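> Predicted structure and sequence below. I'll ask about it afterward.
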Amino acid sequence: MNRNTRHKPKLQTAQAAARAIDRMDHWLLLATLLLACFGLIMVLSSSGIMAERFYSDKYHFFKKQCVFAGVGLLAMYVCSRIPRRYIYGMTYLWLFIVLVLLALCSLTPLGVRVGGATRWISFGLFNVQPLELAKPALVVYLAYFFAKQQDNVKHFSIGFLPPFLVTGLFCGLLMLQPDFGGSVFLAAILFFMCAIGGTRLSYLFTAGIFGGGLGWQLIASSPYRFKRWTAFLDPFASAQQEGYQLVQSLYAFGSGKIFGTGLGAGKQKLFFLPEAHNDFIMAVVGEELGFVGMSLFFCLIAFFLLRAFQVALKQEDLQDRFTAFGMTLVLALGFVLNLAVVLGTVPPKGVAMPFMSYGGSNLLASFICAGMLLNISRGGGR
């Protein structure tokens, strides 16, 4: 064997890797990076005052978010390059890991209780919110299930019960925290994945009626949830109590007008809008960048989702197509629900804005979803 023959397999491998990178959706990658960079800027703008007062360092939250972003970028890179057969082959392992994390959070002292709910697990140097990791793990399972069970998906016992039981188990553990909104989010993922997976519409309709009735019972039976519901209907009637955060959010959007008050010049983050760098960060964006800034942000989200859904539609393999759709769905629901909450069009619930809100778990999950989409966009073998 001559020297050229010995080196030919390595050369072919390198050329294949280069072709895979070329096939990756670079526009989707660019949109992801723009969203992440904009999120870092807005975390700095919205958290500086609070960080300086409580930590004597106005860059406290910004520096932590940069670390989270670094970890997220690494996760995105790994997810975009690892052969998909390895990810798909460990579907039930991902489910088991998330199930253990949810159980540790809900049933053990490792859970960190904040604001009357236990939604994080403390690992000393950092906290993890299992709900955020449950979203992509559930998508991988549902995509695997519907791809493998297409011949039986119309049968109640085979095509309907298993995904509903798995999702119901996750939701049950979330309700122990309690996290009603997180359970609704996972139920929404299940509903849309079932709809494209081929589940009978009669089953979905019946499940939707039952789920809606159960949800209303949970709201009506909890004074806290019911007060939040009434505050959503008329936030100004309880502007100093349950409706306070929504009212301040609406004030922020109103103050922004057309061009905004200017980046960093917003007033609502001066302890009027609680935790402005978290779930209500878009209110700060609306105040400081105004209608024009929000419109440009909407265009960026629309472009990101357009590229993501195109990735799903181009796939011939069912599991790739379902996985891409599900990962896009996780991000789309986050975008839509967060904006709906801060604009007062749905009842208030802590839904983080993907790539924008402060917090490591949501940012990591967002990058994982983006990484999977970039991986699938390369097409080819698994």
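Yep, that arrived. Numbering: from 1, shown residues only.

> beta partners for I121?
Going by DSSP bridges, I121 is paired in beta bridges with G111, V128.

> How much space separates it from V128?
The spacing between I121 and V128, counted by C-beta to C-beta, to the nearest Å, is 5 Å. Any C-beta I mention is one placed from the backbone N, CA and C, and that applies to glycine too.

> Overlap of the contact sets of the two?
Between them, I121 and V128 share these contacting residues under C-beta atoms under 8 Å, 6 or more residues apart in numbering: L101.

> and the top helix by length along the chain, average pLDDT?
The longest helix of the chain (DSSP state H) is helix 281-314. Averaged across helix 281-314, pLDDT comes to 94.

> on contacts alone, who are the packing partners of it?
If you count contacts as 3 or more C-beta pairs under 8 Å, 6 or more residues apart in numbering; DSSP states H and E, helix 281-314 packs onto helix 26-55, helix 244-256, helix 318-342, helix 360-377.

> which residues sit against the second one?
For helix 244-256, the surrounding residues in contact (C-beta under 8 Å, 6+ apart) are 231-232, 235-236, 238-239, 261, 266-268, 272-274, 280, 283-284, 286-291, 293-294, 342-344, 348.

> Go again with 6 Å.
235, 239, 268, 272-274, 280, 283, 286-287, 290, 342, 344, 348 (C-beta atoms under 6 Å, 6 or more residues apart in numbering).

> cool, the third one as well?
For helix 318-342, the external contacting residues (C-beta under 6 Å, 6+ apart) are 135, 139, 143, 146-147, 188, 192-193, 249, 280, 282-283, 301, 305, 308-309, 311-312, 315, 346, 348, 351, 353-354, 369, 372-373, 376.

> now stretch 362-381, how far from the centre of its chain.
Distance of stretch 362-381 from its chain centroid, counting by C-alpha atoms, centre = their mean, to the nearest Å, is 13 Å.

> low-confidence ranges in the chain?
Counting by pLDDT under 70, the chain shows low-confidence ranges at 1-22, 115, 380-382.

> could you redo the last one with a cut-off of 50?
11-14, 16-18, 20 (pLDDT under 50).

> so where do the helices sit in the stretch 1-150 of the chain?
Using DSSP state H, counting those that start in this stretch, the helices of the stretch 1-150 of the chain run over residues 3-23, 26-55, 60-81, 84-89, 91-107, 130-148.

> Export those as TSV, with columns for distance to S255.
Listed next are the helices of the stretch 1-150 of the chain as TSV, based on distance: least, C-beta to C-beta, whole Å:
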stretch	distance to S255
helix 3-23	45
helix 26-55	14
helix 60-81	23
helix 84-89	45
helix 91-107	38
helix 130-148	31
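
> and among the ones you listed, the most buried is which?
Comparing the helices of the stretch 1-150 of the chain by mean neighbour count (mean count of other C-beta atoms under 10 Å), helix 130-148 ranks first with a mean of 23.

> Show residues contacting that helix.
Helix 130-148 is contacted from outside by 91, 94-95, 98, 101-102, 105, 163, 170, 182, 189, 193, 197, 318-319, 322-323, 326-327, 330, 361-362, 365, 368-369, using C-beta under 6 Å, 6+ apart.

> What segments of the stretch 101-250 of the chain are strands?
Under the criterion DSSP state E, counting those that start in this stretch, strands of the stretch 101-250 of the chain are mapped to 111-114, 117-122, 127-128.
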